[in-house]
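J.: this one's structure only:
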């Protein structure tokens with residue numbers, strides 16, 4: 001059994017933590033909102049945490065293991081996640097937002113829908129850049 005690759009684990013953890021911290025700083029300083037614990041798990045927004053995680057993993061696998069089967073599996077997984085973040089999840093989030101507006105205007109007695117926005121291409125691009133930089137730092141500072 002192979003030893004756990006700590007670089008891959010670290011890429012996953014920091015691939016999540018770094019963009020989530022950036023997102024919280026944007027909420028606090030740009031939007032002038034107070035920090036809430038829910039902000040640690042909120043989806044959508046700048047930068048895309050999903051993108052950061054998968055790009056960080058693909059990059060660290062390429063750097064530590066080369067272009068092997070594991071890399072190509074990670075790259076395929078990343079492609080699905082990136083496409084989903086900008087496509088299906090974004091569309092579903094926009095539809096949820098519109099449904100809530102219709103419910104409000106028509107005063108229909110139904111509970112407010114919870115929806116989660118996906119990401120814009122810019123949010124995915126910035127998240128991907130954060131993931132790339134995170135993996136490069138992990139690799140070169142080892």
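T.: Yep, that arrived. In this text, all values refer to a predicted model and were calculated from it rather than measured experimentally.
J.: can we go C-alpha only for contacts and neighbour counts from here?
T.: Noted.
J.: could you show me where the strands are in the protein, in order?
T.: Along the chain, no stretch is classed among the strands by DSSP state E.
J.: and residue 73, how far is that from residue 57?
T.: 11 Å (Cα to Cα, to the nearest Å).
J.: so which of those two has more stuff around it?
T.: residue 57 (28 against 12; other Cα atoms under 10 Å).
J.: so how far is residue 24 from the more buried one?
T.: 22 Å.
J.: likewise residue 30?
T.: 10 Å.
J.: so for those two, which residue has more residues nearby?
T.: Between residue 30 and residue 24, residue 24 has the larger neighbour count (other Cα under 10 Å), namely 21 against 9.
J.: isn't the more buried one right up against residue 35?
T.: Yes. Between residue 24 and residue 35 there is a contact at 7.2 Å, judged by Cα atoms under 8 Å.
J.: lowest-pLDDT helix or strand in this structure?
T.: helix 88-106 (a mean of 71; mean pLDDT, DSSP states H and E).
J.: which residues touch residue 33?
T.: For residue 33, the contact set (Cα atoms under 8 Å, 6 or more residues apart in numbering) comprises residue 27.
J.: where does it land on pLDDT?
T.: If you check residue 33, the pLDDT there is 75.
J.: now swap in residue 80 and tell me
T.: 95.
J.: and it, how many neighbours?
T.: The number of residues near residue 80, taken as other Cα under 10 Å, comes to 12.
J.: likewise residue 21?
T.: 15.
J.: and for residue 11?
T.: With other Cα under 10 Å as criterion, residue 11 counts 29.
J.: was I right to think it contacts residue 138?
T.: Yes. Between residue 11 and residue 138 there is a contact at 7.1 Å, judged by Cα under 8 Å.
J.: what ranges in this protein fall below the confidence cut-off?
T.: Along the chain, the model assigns pLDDT under 70 to residues 1-4, 39-40, 88-95, 100, 112-117.
J.: the helices in it, which residues?
T.: Applying DSSP state H to the chain gives helices spanning 6-25, 49-65, 69-86, 88-106, 121-140.
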